[in-house]
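A.B. asks: Quick one: sequence and predicted model below, then my questions.
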Amino acid sequence: MSIFCTIDDKHVPLYRVMWVSATPHFCGAEDCEREGQYEIRLEQGESVWAKQRERDDILQALEAWQGGLGPPEEEWER
């Protein structure tokens, strides 16, 4: 597994990701070049913009990098 994920032709280190938007960008401006893309916020106020597939890939990579989700609630109660 790599610590990098490719977003818009950039190799982004997973440890720099602060958050990933759940909904695509929409501002309504006629000249907006980011409509329909997902913002991925990095450290120090930087952002990269992803297509839906790239957003899904980085979310999956982050979960795998952090060990995935824990066991279902039922297993904790045993």
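C.D. replies: Structure's in. What do you need?
A.B. asks: The residue most central in space within the chain: what's its closest spatial neighbour, skipping adjacent residues?
C.D. replies: When CA atoms, centre = their mean is applied to the chain, the residue found nearest the centroid is residue 20 (4.0 Å). Leaving aside its chain neighbours, residue 20 sits nearest to residue 40 (5.2 Å; criterion: CB to CB, 6 or more residues apart in numbering). All C-beta spots, glycine's among them, are computed from the backbone N, C-alpha and C.
A.B. asks: number of nearby residues for that neighbour?
C.D. replies: For residue 40, the neighbour count with other CB atoms under 10 Å is 24.
A.B. asks: Please apply the same query to residue 17.
C.D. replies: Neighbours of residue 17 (other CB under 10 Å): 20.
A.B. asks: quick one, what contacts it?
C.D. replies: Applying CB atoms under 8 Å, 6 or more residues apart in numbering to residue 17 gives the contacts 40-42, 58, 62.
A.B. asks: Mind doing that once more with 10 Å?
C.D. replies: Residues in contact with residue 17 (CB atoms under 10 Å, 6 or more residues apart in numbering) are 5, 7, 40-43, 48, 58-59, 61-62, 65.
A.B. asks: what do you get for residue 55?
C.D. replies: 7, 20-22, 24, 37-40, 49.
A.B. asks: do the same with residue 30
C.D. replies: Per CB under 10 Å, 6+ apart, neighbours of residue 30: none.
A.B. asks: Equivalent analysis for residue 47, please.
C.D. replies: Per CB under 10 Å, 6+ apart, neighbours of residue 47: 18-19, 21, 34, 39-41.
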